[in-house]
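Engineer: Provide a 3D model corresponding to the input given below.
(chains A and B)
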Amino acid sequence: MRLSRYFLPILRETPKEAEIVSHRLMLRAGMMRQEAAGIYAFLPLGLRVLQKINAIVREEQNRSGAIEMLMPTIQPADLWRESGRYEAYGKEMLRIKDRHERDMLFGPTNEEMITEIFRAYVRSYKDLPLNLYHIQWKFRDEVRPRFGLMRGREFLMKDAYSFDRDQAGAVHSYNKMFVAYLRTFARLGLKSIPMRAESGPIGGNLSHEFIILADTGESEVYCHKDYLDFAVPGADVNFDNIAGLQGIVDKWTSLYAATSEKHDAANFAKLPADKQVSARGIEVGHIFYFGTKYSEPMKAVVAAGDGSEKPVHMGSYGIGPSRLVAAIIEASHDEAGIIWPEAVAPFHAAILNLKQGDAATDAACEQLYRDLSAKGVEVLYNDIDERAGAKFAASDLIGVPWQVMVGPRGLADGKVEVKKRADGSRELMSPAAALDRLSR
RNA sequence: CGGGGCGUAGCGCAGUCUGGUAGCGCAUCUGCUUUGGGAGCAGAGGGUCGCAGGUUCAAAUCCUGCCGCCCCGACCA
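Structural biologist: Numbering: from 1, shown residues only, chains lettered A, B, ... in the order given. Next up, the predicted model:
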């Protein structure tokens, strides 16, 4: 992409409404624009990151056996009257009337709708287990939206819903998501730690929040240091191996880990002093087993095999991709701007033409741009007629992992300079070597 | 929803107390000079001063009402 033909409205100064670093950097980097409190438009650069995140989330959901679909944002109120949540949900639910005065709502979540879809088609336990998910915009009319995308009213959520014939099956479905989440966050370049959350109606430990550590995170978390070095399950993990998955989950829940709400200072103090980690974190995922809470009132039942019909056991599993955009920035930035993990970077590399208009420099940039593009490298070519300093600052701000600086000084020796955004290291090399390095 | 604050050019702000030609920096446009870490000079364009009433010869400024946004708290994926 040529910057001169792109839409990247970089701000030199920080809009005053932005308090936390991810919000500031997203606005400055031209990633998003606020349209109302807690409601944002994604600009092209922000969308690229969001889509990278979605792709990874999707791959790991699919790998675990979940099946993608897409439910609407607008839902009929009657569905929620069946579960009793239409009255219970309160003012966080955005309620709408259509032209026929029918009660509608902008979905804050989809348990009711997925249960309705399930019961319409599935009759037999033989069709289970089933896990359906979608990635769709949600709306929760928070009293006080804040922190940019971290706590918006409209947000993108991946929500999966599992259906099993009994609790044992549901636990396995839960474990699949647990492992898929470990893999997802690791691939996003994040250290995630599962922390016990409020238990479901059946009791037990079957609700976990996935917290990523970030110095500027919103909440205090406490955990055993060894979590930071736990190996994340590989891509070859067998999701059908019930005992194997349980073993992974057991390991990842064996040590102390709690958010401030569930923190038990006395138990935490029992850990060896050098193993106590007290840090700040951001919740980026939440998984939940809730049994027959919806299947029973909404009559989502299957033939159990013994002549009877039984309500299915369900769980739901959320990840917030739009929040993750902000969370990744909170976890990965410096004074100059964003430092994207390579897996989610909007572009892999940037070419900085340090002397626009100089024939040799222009030609070298054009050639490198063509060569990188031909190799499938996502590259942003800064071909704007502005000073080198401005290009350095802009590249650092938007956080592209690799910068290739091309100018007359280096070209005199047949060299360009490749800079790694993450650590600032630079290396002089030939354009051919740069091409090789960046297209690996 | 309680408490606090802010709405003046695309962004950041001054001007409001004490009413009297709407300003500054950055950005944008033109020209010249510059060109390896956010250049310099000269010039230009751009504003219903959040909205609606009211007071006044005169309102960004005073009064009343409303709207929007931000921060702290309570609450939350």
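
Engineer: going by C-alpha atoms from here, please, whenever you check contacts or count neighbours.
Structural biologist: Will do.

Engineer: for RNA strand B, see how far away the closest residue to A:Arg63 other than its chain neighbours is.
Structural biologist: Nearest residue to A:Arg63 in three dimensions, chain neighbours excluded: A:Ala180, at 7.8 Å (C-alpha to C-alpha, 6 or more residues apart in numbering). Distance, A:Ala180 to RNA strand B, by C-alpha to the nearest atom of the strand, to the nearest Å: 16 Å.

Engineer: so A:Ile329 belongs to a helix, correct?
Structural biologist: Yes: according to DSSP: H, G, I helix; E, B strand; the rest coil, the state of A:Ile329 is that of a helix.

Engineer: separation between it and A:Ile10?
Structural biologist: Distance, A:Ile329 to A:Ile10, using C-alpha to C-alpha, to the nearest Å: 16 Å.

Engineer: measure A:Gly315 to A:Val171 for me?
Structural biologist: Separation of A:Gly315 from A:Val171 (C-alpha to C-alpha) stands at 9 Å.

Engineer: who's more crowded, the two?
Structural biologist: Neighbour comparison, A:Gly315 and A:Val171: the larger count goes to A:Gly315, with 28 against 21 (by other C-alpha atoms under 10 Å).

Engineer: helix or strand for the more buried one, which one?
Structural biologist: strand A:313-319 (DSSP states H and E).

Engineer: touching RNA strand B at all, that strand?
Structural biologist: Yes: residues of strand A:313-319 contacting RNA strand B under C-alpha under 7 Å from any atom of the strand: A:Gly318.

Engineer: what about the residue nearest to A:Phe106 when sequence neighbours are not counted, neighbour count?
Structural biologist: Leaving aside its sequence neighbours, A:Phe106 sits nearest to A:Ile74 (C-alpha to C-alpha, 6+ apart; 4.6 Å). Residues contacting A:Ile74 under the criterion other C-alpha under 10 Å number 16.

Engineer: near RNA strand B, which residues of the stretch 1-150 of chain A are found?
Structural biologist: Going by C-alpha under 7 Å from any atom of the strand, the residues of the stretch 1-150 of chain A near RNA strand B are A:11-20, A:36-38, A:140, A:142-150.

Engineer: are any of those buried, and which?
Structural biologist: Those of these that meet the buried threshold are A:11, A:18, A:20, A:38, A:140, A:142, A:145-150, by 16 or more other C-alpha atoms under 10 Å.

Engineer: report the lowest-confidence entry in these.
Structural biologist: By pLDDT, A:Ala18 ranks lowest within these, coming in at 86.

Engineer: doesn't that one belong to a helix?
Structural biologist: No: secondary structure of A:Ala18 (three-state DSSP): coil, not part of a helix.

Engineer: so what's it closest to, chain neighbours aside?
Structural biologist: Excluding its sequence neighbours, the residue lying closest to A:Ala18 (C-alpha to C-alpha, 6+ apart) is A:Arg24, at 5.1 Å.

Engineer: which bits of the stretch 151-300 of chain A sit near RNA strand B?
Structural biologist: The stretch 151-300 of chain A has residues A:151-157, A:283-286 near RNA strand B, with proximity defined as C-alpha under 7 Å from any atom of the strand.

Engineer: select only the buried ones of those in PyMOL?
Structural biologist: To isolate the buried subset of those in PyMOL, counting by 16+ other C-alpha under 10 Å, use the following:
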select buried, chain A and resi 151+152+153+154+155+156+157+283+284+285+286
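
Engineer: in strands, which of the residues of the stretch 151-300 of chain A next to RNA strand B fall?
Structural biologist: Those of those mapping onto strands are A:154-157, A:283-286, per DSSP state E.

Engineer: dump these into a markdown table; add pLDDT as well.
Structural biologist: Below are these laid out as a markdown table (pLDDT from 0 to 100):
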| residue | pLDDT |
| --- | --- |
| A:Glu154 | 96 |
| A:Phe155 | 96 |
| A:Leu156 | 96 |
| A:Met157 | 97 |
| A:Glu283 | 93 |
| A:Val284 | 94 |
| A:Gly285 | 95 |
| A:His286 | 93 |
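
Engineer: now the two most distant members of the buried ones among the residues of the stretch 1-150 of chain A next to RNA strand B.
Structural biologist: Of all pairs drawn from those, the greatest distance, 29.3 Å, lies between A:Leu11 and A:Arg140 (C-alpha to C-alpha).
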